[in-house]
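1. no sequence for this one, just the structure:
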DNA sequence: TAGATTGTTAATCGATTAACAATC
DNA sequence: TAGATTGTTAATCGATTAACAATC
């Protein structure tokens, strides 16, 4: 029961609010005003109040926001209070790095299967063949598929993931994959990120932080 | 000698143009219209013409754009025709993955130094102590610093990088680092990326591809 | 020349910022 | 009550889209 559609600009800011609220909580802060949060995040106070109000009135007029309450609210809005089952498809550099990266602050990110074109053991991990992916997904519901396979196979794997009803795809392949509109895709395009940076290194006047 | 300031929205699209032009070239296409490029990229034809015109008139009225010429132009606009010296600071999962990821399509990305809090050999690579970073930078000019060190040390390393006059910082630490305004920073925040995806997995109606 | 498609200006849309009434 | 700060509406700004004249 939400007032309006949430723009992607707001969605991108939610994790930043979350991060800063975690910091504040760790520092023992109890209250925070939109003005103070503005200084931390670099967003304007107006924007912060606007953003938070999309989801409900978490503040108290004349006081501000209670750090604990607001953090809890945002945790639930994003869905970080829940557990997620994940598969990793493509166990090369990136796949392995994400697997070992343990700093995701969801309740649980449970990697239930790892797949690659080459099956077998890899660094002590059981890696299944991608050929088994489709049948695996029939038996095991998966929330997040981490797609870290070369471009050539990315789309066909994505098709399997769609067929296998995964709830979201986190794509690291440097290509635009397409699936039915009911599955969100978030892509991390490392090359594109570097290229933007290189552009700015030559055109610093076009650069604006944040 | 540019007409206006380039908005970050345009800068984010440049690498996508580049990627699709590479595809087209590989497929042996010689010409492309803004309309056709629109179908590939998902941007509107209008937007594409608008974007390209920020940098000059690369097209030919009544004909379209020559793939080869346009690709070359964008390569130079971004700066992909040049070589870059890089250092990696933090040689954990992410630092190593980026190091091994060889698909960056710049002329050369030469990793001239790898630094970590723990010095020594790691997987056959010489890893220097971060204590040596400042003096290293005095001797060796660096274009891109790849910052993949834990949050606790990210800002102090960034300060060294600024002092050492690196030309750009590619940040993988999940924090907002601050440096003088003459150094562009591009952050890859993996957790935030995942959190956005998780949000959309619960709020698919808010999701809009691209 | 006629047809096509760019380059560019004008109109629209959406997101950000400013302002202020509500209220703790 | 007076002071502070939110929640929310209105104004502004900037980016996207539409339109069309220029021209190949």
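-> It's in. Computed from a prediction, not measured in an experiment: that's the story for all the values here.

2. pull the number of nearby residues for the residue in chain A that DNA strand C sits nearest to.
-> Using CB to the nearest atom of the strand, the single residue of chain A nearest to DNA strand C is residue A:62, 2.3 Å away. For every residue, glycine as well, the C-beta is placed using N, CA and C. Residue A:62 is flanked by 5 other residues according to other CB atoms under 10 Å in any protein chain shown.

3. max-length strand in chain A?
-> strand A:108-116 (DSSP state E).

4. so how far is that strand from its chain's centroid?
-> Centroid separation for strand A:108-116 versus its chain: 16 Å, with CA atoms, centre = their mean, to the nearest Å.

5. show the model's pLDDT score for the residue of chain A closest to DNA strand C.
-> On the pLDDT scale, residue A:62 is placed at 95.

6. the one helix or strand in chain A whose mean pLDDT sits lowest: what's the following helix or strand?
-> When each helix and strand of chain A is scored by mean pLDDT, DSSP states H and E, strand A:120-122 comes last, with a mean of 87. Next along the chain after strand A:120-122, taking DSSP states H and E as the criterion, comes strand A:125-129.

7. how far off strand A:108-116 does that following strand point, in degrees?
-> Interaxial angle, strand A:125-129 versus strand A:108-116 (axes from the mean of the first three to the mean of the last three CA atoms, to 10 degrees): 50 degrees.

8. is chain B contacted by the longest helix that chain A contains?
-> Criterion DSSP state H: the longest helix present in chain A is helix A:8-26. Yes: using CB under 8 Å from any CB of the partner chain, helix A:8-26 reaches chain B at A:8, A:11, A:12, A:14, A:15, A:16, A:18, A:19.

9. ok, those residues vs residue A:91, which is closest?
-> The closest of the residues of helix A:8-26 next to chain B to residue A:91 turns out to be residue A:15 (CB to CB; 26.1 Å).

10. so what pLDDT did residue A:210 get?
-> Per the predicted model, pLDDT is 65 at residue A:210.

11. and what of residue A:56?
-> 87.

12. and residue A:133, by the same measure?
-> pLDDT, residue A:133: 98.

13. what does the one 3 residues further on give?
-> Here the pLDDT value assigned to residue A:136 is 98.

14. surely it touches residue A:128?
-> Yes: shown here, residue A:136 and residue A:128 form a contact pair, counting by CB atoms under 8 Å, at 6.9 Å.

15. thinking again about what came up before, who does the longest strand of chain A pair up with?
-> Each strand paired with strand A:108-116, and its direction, by DSSP bridges: strand A:83-89 (parallel), strand A:125-129 (parallel).

16. what do residue A:136 and residue A:128 both touch?
-> Common contact partners of residue A:136 and residue A:128 (CB atoms under 8 Å, 6 or more residues apart in numbering or on different chains): A:113, A:115.

17. contacting residues for the residue lying closest to residue A:16 once chain neighbours are set aside?
-> Spatial nearest neighbour of residue A:16, excluding adjacent residues (CB to CB, 6 or more residues apart in numbering or on different chains): residue A:41 at 5.7 Å. Applying CB under 8 Å, 6+ apart to residue A:41 gives the contacts A:13, A:16, A:17, A:20, A:48.

18. tell me the one among those nearest to residue B:112.
-> Among the contacts of residue A:41, and counting by CB to CB, the member closest to residue B:112 is residue A:16, at 32.9 Å.

19. who's in contact with the closest one?
-> Neighbours of residue A:16 in contact, by CB under 8 Å, 6+ apart: A:41, A:43, B:192.

20. what are the ranges of the helices in chain A?
-> Using DSSP H, the helices of chain A run over A:8-26, A:34-41, A:45-53, A:67-78, A:93-100, A:133-139, A:151-163, A:190-202.

21. quick one: list the elements packing against the third one.
-> Read it as helix A:45-53. On a contact count with 3 or more CB pairs under 8 Å, 6 or more residues apart in numbering or on different chains; DSSP states H and E, helix A:45-53 meets helix A:8-26, helix A:34-41.

22. please see if the longest one touches DNA strand D.
-> No: no part of helix A:8-26 sits close enough to DNA strand D to count as contact by CB under 7 Å from any atom of the strand; the gap is at least 10.4 Å.

23. so who does the residue lying closest to residue A:29 once chain neighbours are set aside touch?
-> Spatially, and ignoring its direct neighbours in sequence, residue A:29 is nearest to residue A:67 (5.2 Å; CB to CB, 6+ apart). With contacts defined as CB under 8 Å, 6+ apart, residue A:67 is in contact with A:21, A:24, A:25, A:29, A:30, A:31, A:32.
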